[in-house]
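**Q** Take a look and give me a structure for this.
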Amino acid sequence: MPYTLPMGAAWLVSALLVEAAIIDGRQLRVPNWLTFHLAAGGLAYWAWTAGWGGLGWSAAGMVVGFVPLMIVCAIGGMGAGDVKMFAGFGAWVGPLMAAEALAVSAIVGGVIALGMIAWSGEWRRHWSMGKHIAREIAAVKHPDALAERAAARKPTMRLLPYGIPLAIGSIGYMAYHGLLM
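**A** Predicted structure coming up:
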């Protein structure tokens, strides 16, 4: 059964996402103390206000927020803090909103990445690197080996702290659906 996040809770979640994005932008990491409180708060809120059904719905949102990004994390495509942050977001908004906000956040991330590439002026380098990474994913298939290769590439790349597009996409999604008004 879907539940609706009250406006006050949506503002609280938005503030936590902004805090996580700022920290990620400065340090390229989202701290566990923040992600833990975000997730635990969502689970506790829905358990308190909607009982076992709310807790199950919140846990399902957490899983939907966690699993797709954990796959990307496992191959070195993003940090675990970003994954845990989005799982915490999912605990507040449930599975459907988590999935839809993830899609919006992916688009936001793509736009930001294209902006970063345009700013650098290195279109050919990034196109070549993107093709190389795609071939690696198709050929290697072992997450540990892919993560190792990604870690070796990391010093040569300008990184996108993915907490930023996750926060922008998620807050924008909540605003579009009227949760912040």
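**Q** Low-confidence bits of the chain, can you list those?
**A** Within the chain, the ranges that satisfy pLDDT under 70 run 1.
**Q** Strands along that one, start to end?
**A** With DSSP state E as the definition, the chain shows no strands.
**Q** which one's the longest helix in it?
**A** Once the chain is assigned using DSSP state H, the helix that runs over the most residues is helix 32-74.
**Q** Show me what that helix is packed against.
**A** Contact analysis of helix 32-74 by 3 or more Cβ pairs under 8 Å, 6 or more residues apart in numbering; DSSP states H and E lists helix 7-27, helix 80-120, helix 143-153 as its packing neighbours. No exception for glycine: its C-beta is placed from N, CA and C like everyone else's.
**Q** one more time with 6 Å, if that's ok
**A** Contacting helix 32-74 under the criterion 3 or more Cβ pairs under 6 Å, 6 or more residues apart in numbering; DSSP states H and E are the following elements: helix 80-120.
**Q** could you give the angle of the helix it packs on to helix 32-74?
**A** Calculated by axes from the mean of the first three to the mean of the last three Cα atoms, to 10 degrees, helix 80-120 forms an angle of 70 degrees with helix 32-74.
**Q** now helix 80-120, how far from the chain's geometric center?
**A** 4 Å (Cα atoms, centre = their mean, to the nearest Å).
**Q** can you check stretch 14-25 too?
**A** Shown here is stretch 14-25, whose average C-alpha point lies 11 Å from the average C-alpha point of the whole chain (Cα atoms, centre = their mean).
**Q** Buried ones in that stretch, by neighbour count?
**A** If you call a residue buried by 16 or more other Cβ atoms under 10 Å, then stretch 14-25 has these buried ones: 14, 16, 17, 19, 20, 21, 23, 24.
**Q** now swap in stretch 153-167 and tell me
**A** For stretch 153-167, burial by neighbour count (16+ other Cβ under 10 Å) applies to 160, 161, 162, 163, 164, 165, 166, 167.
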